[in-house]
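need a structure here:
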Amino acid sequence: MATQSEGGGKEDLKTQFITREGTYKLVTSSEYSRPSRQSYGQQGNMPVKVSFVTLNDSPNLNPGDKSPEFKTLIVYNLLKELYCMPYHGSKKVCDMNKPVDKRVYKGTSPTCHDFNKLTSTSECAYLLVGFSAGQVQLIDPIRKETSKLFNEERLIDKSKVTCLKWIPGSPNQFLVGHSSGQMYVYNEDLPCGTTPPHYQLFKQGDNFAVYTCKTKTTRNPLYRWIVGDGTIHEFAFSPCSRYLATVSQDGYLRVFNYDTMDYVGGMRSYFGGLLCIAWSPDGKFIVVGGEDDLVSVWSFAERRVVARGHGHKSWVSVVAFDEYTTTVNNCDQYDNSCSEEDITLLNRWESRLPNSSPPSNRNSADSSLLRGLPSKIVSYRFGSVGHDTQLCLWDLTEDIIRQPPARTRTSTLYPQLNATPAPPAPSPPNKCNSTSNSTPNCVGKDASSTTTTTTPDGTAIVSTSITHKFASLTLGDKKDKEHKRHFSLTHKGTNKTNSINASSRSLDECYKTYGTSLCPRLEDAPKLEPLVCKKIVHERLTALTFREDCIVTGCQEGYILLWARPSNTVQGVTQTSLPFTQQATAVSMAPNGSPLGGTVV
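Presented below is the predicted three-dimensional model:
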């Protein structure tokens with residue numbers, strides 16, 4: 001599928017690329033698609049998504065029993081079809097004519113899916129599937145069973161399911177996000193009811209509210225979250241499972257303490273909606289991408305944007321961290337300042353593979369092991385794919401992270417954010433971040449909304465027009481843009497009057513936050529250049545996952561591609577694909593001793 005065309009030029013696709021570790025190569029024999037391997041072509045608005053699960057050992061498996069044929073499953077959706085295949089990595093060919101399970105739907109299309117990694121075994125693996133009409137299905141592809149269907153009559157929400165995930169550490173609760181801008185908490189053991197649910201306010205904050213279902217008997221949904229204005233494109237739980245981050249069409253990243261339902265902090269896109277989100281392996285940073293063609297790195301501890309990545313030529317659809325090439329100091333050999341406790345934390349985390357079973361409860365001690373790691377990490381690797389059909393790899397290094405924040409103006413938006421929220425409920429001290437749950441100091445006192453300009457003769461001109469306010473709002477010297485930029489201010493289902501009101505409100509809010517810590521100017525945030533930026537497919541990319549042996553990408557044509565990782569030698573140290581806590585400092589240094597990675601401009 002993704003081969004280099006003979007004519008080169010515009011249609012020239014890359015089948016390999018070089019990084020500091022070596023050469024990544026496309027494994028054409030291991031790609032996943034429909035059994036006929038024929039392209040679907042452009043699939044409209046239903047993106048191809050990919051989910052993985054590593055199966056736990058079955059409790060009923062005796063020592064003498066035959067081991068299962070596969071240990072890992074991969075699931076992907078193509079148009080109205082859903083495929084579940086055994087995953088053998090980049091070194092073994094998968095027979096596309098022998099899926100574990102295949103389902104074809106009528107009248108609706110699957111949009112997203114997620115395995116319950118806590119309960120999945122070789123005997124059963126529960127998979128949640130969200131649909132374009134708003135329903136959520138619970139299936140077991142191993143047993144080929146359909147367990148339950150939630151929101152079957154669309155009484156809870158009629159809009160498309162945009163994202164769903166099992167709540168970490170819970171065997172039966174999951175969270176579902178819709179294009180209506182609402183999220184619902186379900187319990188798989190409870191019914192949804194035969195009448196539309198009635199809600200009562202449970203908790204309310206700035207631009208979000210949480211409701212409970214008002215009924216005599218417990219039913220689904222348990223909670224309803226209303227966040228921001230517009231579609232909730234994606235949400236993600238932090239590695240410690242305590243925090244929930246969301247990105248919406250209104251352009252905001254919002255981070256909540258999921259247990260206490262308190263707003264923690266956030267940022268706004270340069271313009272347009274935010275489409276994707278990812279936490280760093282240690283929970284210190286969040287990377288987001290969206291319709292401004294940028295990848296923005298937000299620091300959880302500092303509550304600010306620490307870098308912006310410039311490399312894509314269109315919307316960024318997926319971002320993900322690569323924990324296998326994130327590099328750390330080796331406490332035993334490279335950092336004499338490491339304490340015995342630091343070394344113990346590193347050794348304990350090294351014994352845990354990324355796909356091992358998660359802890360059985362959301363706030364267990366094991367989930368807080370990463371607290372001791374942030375000070376030892378010297379380079380984060382993350383990737384992004386977008387509508388420009390490009391794969392970009394980025395290195396976030398210490399020289400970028402340690403840059404002091406630029407001086408920003410105050411904002412006139414949401415002055416109530418300065419108020420101190422109610423203290424959160426007591427929680428165990430071992431969490432992934434040591435920062436408090438108080439609202440970040442990201443918005444200052446009210447500032448004047450007028451703009452003063454001084455002419456050469458000394459005359460001061462005061463203007464308050466929206467046109468003047470946006471005169472300096474540009475994306476820099478990007479002359480090679482290949483798509484038309486526009487604000488995406490509303491979502492489907494809004495009437496014309498609401499669209500006009502939303503547009504006016506969004507323009508006003510954008511100006512009020514521009515130049516503040518919520519949305520710093522381009523020159524106020526360090527500029528991150530991609531380590532790799534390659535065109536790899538013909539249609540927009542919609543999936544990106546980092547595996548131990550390869551990088552997995554998915555595109556709208558219906559192809560799931562595997563890019564085999566290299567193994568090479570850097571300064572005499574053999575480097576293979578390992579979790580970030582097992583790598584030495586040597587891999588982050590060039591032969592001249594300078595750090596490798598992204599460029600700060």
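
so what's Leu175 bridging to?
Per DSSP bridges, the residues bridged to Leu175 are Lys165, Val185.

I figured it hits Thr162, correct?
No: Leu175 is beyond contact range of Thr162, at 11.7 Å (criterion: C-beta atoms under 8 Å). All C-beta spots, glycine's among them, are computed from the backbone N, C-alpha and C.

Overlap of the contact sets of the two?
Shared contacts of Leu175 and Thr162 (C-beta atoms under 8 Å, 6 or more residues apart in numbering): none.

Look at the nearest residue to Lys91 once chain neighbours are set aside and say how many residues are nearby.
Nearest residue to Lys91 in three dimensions, chain neighbours excluded: Asp549, at 7.2 Å (C-beta to C-beta, 6 or more residues apart in numbering). For Asp549, the neighbour count with other C-beta atoms under 10 Å is 17.

In contact with Asp549, which residues?
Asp549 sits in contact with 89-91, 564-565, 577, where contact means C-beta under 8 Å, 6+ apart.

Out of those, which two are the most distant from each other?
The largest separation in these, counting by C-beta to C-beta, is between Lys91 and Ser577 at 12.4 Å.

hang on, the earlier thing: reformat the contacts of Asp549 as TSV; add secondary structure.
Converted to TSV, those look like this (DSSP: H, G, I helix; E, B strand; the rest coil):
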residue	secondary structure
Gly89	coil
Ser90	coil
Lys91	coil
Ala564	strand
Arg565	coil
Ser577	coil
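
By neighbours, which of these wins?
Highest neighbour count within these: Arg565, with 23 neighbours (other C-beta under 10 Å).

all helices in the stretch 201-350 of the chain, in order from the N-terminus.
Using DSSP state H, counting those that start in this stretch, the helices found in the stretch 201-350 of the chain span residues 340-350.

Okay, now the unreliable bits of it?
328-350 (pLDDT under 70).

avg pLDDT for the top strand by length along the chain?
For the chain, the strand with the greatest residue count under DSSP state E is strand 377-386. The pLDDT scores in strand 377-386 average 91.

Neighbouring strands of it in the sheet, and parallel or not?
Using DSSP bridges, the strands paired with strand 377-386 are strand 316-321 (antiparallel), strand 327-328 (antiparallel), strand 390-397 (antiparallel).

ok, the residue nearest to Thr121 when sequence neighbours are not counted - how many residues close by?
Closest residue to Thr121 apart from its sequence neighbours, by C-beta to C-beta, 6+ apart: Ser58 at 4.4 Å. Number of residues near Ser58 (other C-beta under 10 Å) recorded here: 13.

Next one, pLDDT for Ser58 please.
Per-residue pLDDT puts Ser58 at 78.

Name the residues of stretch 88-108 that come out as buried.
By neighbour count on 16 or more other C-beta atoms under 10 Å, the buried set for stretch 88-108 is 88, 90, 94, 99-101, 103, 105, 108.

Just flag the most distant two among those residues.
Maximum pairwise distance among these (C-beta to C-beta): 33.3 Å, between Ser90 and Thr108.

would TSV of the buried residues of stretch 88-108 with pLDDT be doable?
Formatted as TSV, the buried residues of stretch 88-108 follow (pLDDT from 0 to 100):
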residue	pLDDT
His88	90
Ser90	87
Cys94	85
Pro99	94
Val100	94
Asp101	95
Arg103	96
Tyr105	95
Thr108	94
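
Surely Ala525 touches Ala307?
Yes: if you go by C-beta under 8 Å, Ala525 and Ala307 touch, sitting 6.1 Å apart.

what touches both of the two?
Here Ala525 and Ala307 have Ser296 as joint contacts, going by C-beta under 8 Å, 6+ apart.

so what's Asp189 up against?
Per C-beta under 8 Å, 6+ apart, neighbours of Asp189: Asn172.

Model confidence for it, exactly?
For Asp189, the model assigns a pLDDT of 95.
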